[in-house]
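S.K.: Kindly generate the corresponding structure for this input.
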Amino acid sequence: MNNSMNIDQVLAQMRVMSAQAADKSTQSSESPGAEFGDLLKQSIDHVNSAQQEASALRTAFESGQGDMDLAQVMIAAQKSSLSFEAMVQVRNKLVEAYKDVMNMPI
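M.R.: Coordinates of the predicted model:
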């Protein structure tokens, strides 16, 4: 049940971010690059915090501190792994888009 709550929370966060991105895209702004940069930085920070949380849970479990169970540690590790892989895919798409733009004839 805890796993489904985590998935629901992640989906809710994704919906909120999608709505925020849609709202920002409809508004005219002076520096759209700064907003994209901020969104990218927030995503990277989120991945970093998930990795740090998984590492802390793993260390606490290995040292026997607290009331950790193996399932909780493994879920945190998988969440951090999936978020990192998703970030790598985003990076790959950005690099691919950059290469496409650079290869466009002027």
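S.K.: after the host helix or strand of residue 53, next one along is what?
M.R.: Using DSSP states H and E, residue 53 sits in helix 32-63. Later in the chain than helix 32-63, the nearest helix or strand by DSSP H and E is helix 70-102.
S.K.: could you give the angle of that next one to helix 32-63?
M.R.: Orientation note: helix 70-102 sits at an angle of 150 degrees relative to helix 32-63 (axes from the mean of the first three to the mean of the last three C-alpha atoms, to 10 degrees).
S.K.: helices or strands next to helix 70-102 in the packing?
M.R.: Helix 70-102 sits against helix 2-26, helix 32-63, with contacts defined as 3 or more C-beta pairs under 8 Å, 6 or more residues apart in numbering; DSSP states H and E. Placement of C-beta: from N, CA and C, glycine included.
S.K.: Lowest average pLDDT across the ones you listed?
M.R.: Here those differ in mean pLDDT, and the lowest is helix 2-26 at a mean of 67.
S.K.: Just give me the neighbour total for residue 54.
M.R.: Using other C-beta atoms under 10 Å, residue 54 has 21 other residues around it.
S.K.: Surely it touches residue 83?
M.R.: No: with contact defined as C-beta atoms under 8 Å, residue 54 does not reach residue 83; the gap is 9.7 Å.
S.K.: which outside residues touch stretch 50-65?
M.R.: For stretch 50-65, contacts defined as C-beta atoms under 8 Å, 6 or more residues apart in numbering pick out 66, 68, 70, 72-73, 76-77, 79-80, 83-84.
S.K.: In that stretch, which residues are buried?
M.R.: Of all the residues in stretch 50-65, those buried under the rule 16 or more other C-beta atoms under 10 Å are 50-51, 54, 57-58, 61.
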